[in-house]
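Student: have a look at this prediction, sequence included:
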Amino acid sequence: MPYRFGSHMSVAGGLHLAFDRAVEVGCDVLQIFTKNNNQWNCKPISDADADLFEKTWKESSIGATIAHTSYLINVASPDDALWQKSLDGLVVEWQRAEQLKIEGLVMHPGAHLKSTLEEGLERVAKAIDAAIAIVQPKYSRLLLENTAGQGSCLGHQIEQLGWLLKAVKKPQHVGVCWDTCHALAAGYDFRTAAGMKSMIHELEKQVGLENLRAVHINDSKKDCGTRVDRHEHIGLGFIGEAGFKRFLASSAFKDLPMYLETAKEKDEASGEDWDVINLRKLRELCKK
């Protein structure tokens, strides 16, 4: 089923309420946080809440549902205390995704800070192996997200993602979530035919297209190679409508669920929700 579009939705008031919000704006698929993304601690998900989540999901029209980990997690950190805290946080979030039977859990690989890039990657792989051993996942795959490459953030080069997939002992539990904004900012200019061909070739060679599991579909406020992560509404940034038309036409991505992570706001002129506008724009671009 090609072209499944959705957005990241709030779970305020209850995890299950994200489905109503997603349906209201016209989503096919959904991304959520299962806990406050700016706090380490969280209240456990009760069996009743998990059952309500599953029931609401089944009764809705929403398909592939994924979660995003907290931004506090940094399993590339050279600091042992933060690395352990990040591992513990990843385990909790992965267990919550398993409890909700969510099919994917997106995580940024992290920042190596004052250590070397190679040391940072080793720390990430070590943490993933440790998390898999504890969680023993059955439903949810950990999805490593490509980054814009700000500071010492890992994952902005496809080669780094490929290295991690090969380094993990049980790669069947790991995949990739491809972010369009981050890709452009990191230097992958898929707006041109040559750039798109080159990017897909590298993904196929380093990652394996079968390991692409989800797309974060965001325009970018910053141009190619700036390594600055700033999301923009579809067609209004440096990717532009032509860039998205090319991306959406690619067989490497068109069958993957795609999730907006653009600002939650209303258009000043029309008063319309930007999620509605962005989803409509994506569907129009597919037709073209």
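Tutor: Alright, I've got the coordinates. Numbers count the residues shown, from 1 in each chain.
Student: how far does stretch 66-78 sit from the chain's center?
Tutor: Here the centre of stretch 66-78 is set off from its chain's centre by 12 Å, with Cα atoms, centre = their mean, to the nearest Å.
Student: do me a favour and get the end-to-end distance for it?
Tutor: 29 Å (Cα to Cα, to the nearest Å).
Student: name the residues of that stretch that are buried.
Tutor: 66-70, 73-78 (16 or more other Cβ atoms under 10 Å). (Each C-beta comes from the backbone N, C-alpha and C, glycine too.)
Student: H8: which of these is nearest?
Tutor: The nearest member of the buried residues of stretch 66-78 to H8, counting by Cβ to Cβ, is H68 at 7.0 Å.
Student: wouldn't the closest one be in contact with V11 here?
Tutor: No. Counting by Cβ atoms under 8 Å, H68 does not reach V11; the two are 11.4 Å apart.
Student: now list whatever residues contact both of the two.
Tutor: Shared contacts of H68 and V11, defined by Cβ atoms under 8 Å, 6 or more residues apart in numbering, comprise 32-33.
Student: G151: neighbouring residues, count only.
Tutor: 10 (other Cβ atoms under 10 Å).
Student: the chain: strands as residue ranges?
Tutor: Under the criterion DSSP state E, the chain contains strands at 4-8, 29-32, 65-68, 104-107, 141-145, 174-179, 212-216, 219-220, 231-232, 257-260.
Student: using a markdown table, lay out the ones you listed together with distance to L164 and mean pLDDT.
Tutor: Output for the strands of the chain, formatted as a markdown table (distance: least, Cβ to Cβ, whole Å; pLDDT from 0 to 100):
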| stretch | distance to L164 | mean pLDDT |
| --- | --- | --- |
| strand 4-8 | 24 | 98 |
| strand 29-32 | 21 | 98 |
| strand 65-68 | 18 | 98 |
| strand 104-107 | 11 | 98 |
| strand 141-145 | 6 | 98 |
| strand 174-179 | 7 | 98 |
| strand 212-216 | 14 | 98 |
| strand 219-220 | 24 | 98 |
| strand 231-232 | 24 | 98 |
| strand 257-260 | 21 | 98 |
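Student: want to throw the ones you listed into TSV with distance to L17?
Tutor: Converted to TSV, those look like this (distance: least, Cβ to Cβ, whole Å):
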stretch	distance to L17
strand 4-8	14
strand 29-32	10
strand 65-68	13
strand 104-107	20
strand 141-145	24
strand 174-179	24
strand 212-216	22
strand 219-220	27
strand 231-232	23
strand 257-260	18
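Student: so who does D273 touch?
Tutor: Listed by Cβ under 8 Å, 6+ apart, the contact set of D273 reads 25, 266-267.
Student: T226: which of the residues you listed is nearest?
Tutor: Using Cβ to Cβ, the contacts of D273 come closest to T226 at D267, 26.1 Å.
Student: now do the same contact list for the closest one.
Tutor: Contacts of D267 (Cβ under 8 Å, 6+ apart): 273-274, 277.
Student: for D229, same thing?
Tutor: By Cβ under 8 Å, 6+ apart, the contact set of D229 is 147-148, 150, 181-182, 185, 222.
Student: quick check: chain neighbours aside, which residue is closest to V215?
Tutor: Closest residue to V215 apart from its sequence neighbours, by Cβ to Cβ, 6 or more residues apart in numbering: M258 at 4.3 Å.
Student: ok, now which ones touch the one you found?
Tutor: M258 touches 3-6, 29, 214-217, 282, counting by Cβ under 8 Å, 6+ apart.
Student: same check on C27?
Tutor: C27 neighbours (Cβ under 8 Å, 6+ apart): 5-7, 9, 62, 275, 279.
Student: now do E261
Tutor: Residues in contact with E261 (Cβ under 8 Å, 6+ apart) are 7-8, 31, 179, 216, 218, 231.
Student: which one among those gets closest to W83?
Tutor: D179 (24.1 Å).
Student: spatially nearest residue to that closest one, not counting backbone neighbours?
Tutor: Once flanking residues are discounted, D179 sits nearest to H216: 3.9 Å by Cβ to Cβ, 6+ apart.
Student: one step back: K169: which of the contacts of C27 is nearest?
Tutor: Out of the contacts of C27, the member with the shortest distance to K169 (by Cβ to Cβ) is G6, at 31.9 Å.
Student: my guess is that closest one meets F19, correct?
Tutor: No. Contact criterion Cβ under 8 Å: G6 and F19 do not qualify, at 10.7 Å.
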